[in-house]
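Chemist: Sequence and predicted structure, then a few things I'm wondering about:
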Amino acid sequence: MVEARGESRLDGRLVDALHKVSPGTPLRDAMDNIIRAKTGSLIILGDEKKISFLFSGGIRLETDFTPNMVYELAKMDGAIILNKNASRIYRANVQLMPDPKIESRETGTRHRTAERVAKQTKALAVSISQARDLVSIYIDDKKYVLKDIRVLLAKADQALQTLEKYRSRFDQVADNLTALEFEDAVTLHEVIGALQRAEMVARVAGEIERYLIELGTEGRLISMQLEELMTGVSGDRDALIRDYSSSRMVNPAQVEGRVCMLTADELFEVDIISKILGYRKKKAKPADIRLSPRGYRILAKLPRLPAPVVGNIVARYGHLKSLLMADEDDLVEVEGVGRVRAREIVEGLAQLRELALAEKYSFR
C-alpha cells in the first residue's frame, strides 16, 4: 500500500542536495571516480566564511571546480571544501574540528565528522565510504544514503508498472462517471471512488518522482513515461472536486491537500472522504446520495475552451443537466461565448454524450 503523499515528500533542502549529487552533475562524476578508486572522501558544500572556524590546516586553492581536480584532492586525508553550488574549490586536505559535544549516531571518524559539521553549520556534508562504496549525505539533522543506480532503476520500473495498472483503473472509473453524469445518475459513491483512484495514481507517481530526483540524467526515459501516464490526471481531479464539493466556493488545492495527507487506510474510509468534500450531515450511505455535477469535468473535455469561459458557463447554468438543455442561442448570451463557440459546445457535448454512453453499454 502506498503511503500518504505528505509522508513521502522529501525535505526541500534534501531535495536540493540530491539534485547536486545526481548522475549527470560534475560533482557526481567526481564522486563516482572516488568510489571506483576506493579512496573515500569528505566533501563539504557551504559558505566558507560561516564554516571556517572549524578549519585546521589544509591547502587554500580558490579555483574552479572540476571532477578530476576533486578526485585527485580526495587522495589526501582531509576534507574538501566547496562553495554551495559546487562550482568552486575553496580548500583541500582540511582537518575539521566540529563540537564534540554534538550527538552523533555514527561510528566512523569521517561519517561522525560529517554529521556534526552538518548539524553545527547547516552546511551540506557528503561522506564517501572508503570500504563500502556508500555515499552518505548529511544536512541539518538528516542523513540520506544514496542508493545504487541499478536498484533505483529497478524500483522505478516496478513503480511504473504499478502506475500503469492504477491509471488504467482510474480511466475506467472516470469514464463510467462521465456516462453517469450524462444520465444524471451520479451518486456520492462514484465520486468518492474516482477521487480515491486519482489519489492512488498521484501517490505512485510521487514515489517515482522521488526516484527521479536521485537518478538525475539516468532517469530521462522514466521521466518521459511518467509524464505520459500522468497526462490529464491533475486536471480531471481538479474538475472532479469543483463539480462535487458541497460548496461552490471550494478551493480544489485545499481539498487535494487534505486527501494527500490521509494514511493508506484512511484513504479508503468513505466517511472521511465524504467529510473532506463537505458532506458532514448526510446520514445516508454514499450510494444513496444523488449528486448533480456542475459541469466542470465535461466542459474540460471540450477542445479550445478556456477556463474563464468554463467558469462563466457553470455560473450561468449551475448544473450540467441545465447546460445540456441549452441551445446555441442560450449559450451566446454567456460572456466569452460567441456564435461559433456556442455551436462547437453544443456539438461537442452531443458527441461526448454519445461516445460515453456507447462505451458504457457496448459490452452489455
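Modeler: Noted; the coordinates are in hand.
Chemist: so where do the helices sit in the stretch 201-350 of the chain?
Modeler: Assigned by DSSP state H, counting those that start in this stretch, the stretch 201-350 of the chain shows helices spanning 220-229, 233-244, 252-260, 264-267, 270-276, 296-300, 307-317, 320-324, 328-332, 339-361.
Chemist: Could you say which one of those comes nearest to Gly193?
Modeler: Gly193 lies closest, by C-beta to C-beta, to one member of these: helix 270-276, at 8.8 Å. Placement of C-beta: from N, CA and C, glycine included.
Chemist: contacts for the closest one?
Modeler: Residues from elsewhere that reach helix 270-276 (C-beta atoms under 8 Å, 6 or more residues apart in numbering): 188-189, 192, 195-196, 255, 258-259, 262, 266-267, 280, 282, 286.
Chemist: Show the average pLDDT along the longest helix along the chain.
Modeler: Longest helix in the chain, counting residues (DSSP state H): helix 149-182. Model confidence over helix 149-182, given as mean pLDDT, is 96.
Chemist: So what are the sheet partners of the following helix or strand past that helix and their directions?
Modeler: The element immediately downstream of helix 149-182 (helix or strand, assigned by DSSP states H and E) is strand 186-187. Sheet pairing for strand 186-187, assigned by DSSP bridges, gives strand 290-291 (antiparallel).
Chemist: what's the nearest residue to Thr263 if we skip its chain neighbours?
Modeler: Beyond its immediate neighbours in the sequence, the residue positioned closest to Thr263 (C-beta to C-beta, 6 or more residues apart in numbering) is Ala4, lying 5.5 Å away.
Chemist: The one you found and Ser129: what is the separation?
Modeler: Relative to Ser129, Ala4 is positioned 33 Å away (criterion: C-beta to C-beta, to the nearest Å).
Chemist: what's the answer for Ile35, then?
Modeler: According to C-beta to C-beta, Ile35 and Ser129 sit 9 Å apart.
Chemist: overlap in contacts of these two?
Modeler: What both Ile35 and Ser129 touch, as defined by C-beta under 8 Å, 6+ apart, is the set Val135.
Chemist: So for the residue nearest to the spatial centre of the chain, what's the pLDDT?
Modeler: The C-alpha lying nearest the average C-alpha coordinate of the chain belongs to Gly206 (C-alpha atoms, centre = their mean; 4.2 Å). In this model, Gly206 is scored at 94, pLDDT.
Chemist: Likewise for Glu354?
Modeler: Listed pLDDT for Glu354 reads 92.
Chemist: Next one: it from Leu302, what distance?
Modeler: If you go by C-beta to C-beta, the gap between Glu354 and Leu302 works out to 14 Å.
Chemist: Which one's more surrounded, those two?
Modeler: Higher neighbour count among Glu354 and Leu302: Leu302, with 17 against 11, using other C-beta atoms under 10 Å.
Chemist: Isn't that one up against Glu347?
Modeler: No. In this structure Leu302 lies outside contact range of Glu347 using C-beta atoms under 8 Å: 9.6 Å.
Chemist: Mind listing the residues bridging to the nearest residue to Gly57 once chain neighbours are set aside?
Modeler: Ranked by C-beta to C-beta, 6+ apart and with sequence neighbours excluded, the top spatial neighbour of Gly57 is Gln95, at 5.3 Å. Beta bridges link Gln95 to Ser56, judged by DSSP bridges.
Chemist: ok, Gln95 - how many residues close by?
Modeler: Every residue meeting other C-beta under 10 Å relative to Gln95 is counted, giving 13.
Chemist: low pLDDT regions in this structure?
Modeler: 1-3, 5-10, 281-283, 362-364 (pLDDT under 70).
Chemist: any idea how it splits into domains?
Modeler: Structural domains assigned to the chain are 15-146, 148-292, 294-364, following automatic domain parsing.
Chemist: residues in contact with Val191?
Modeler: 177, 240, 244, 277, 291.
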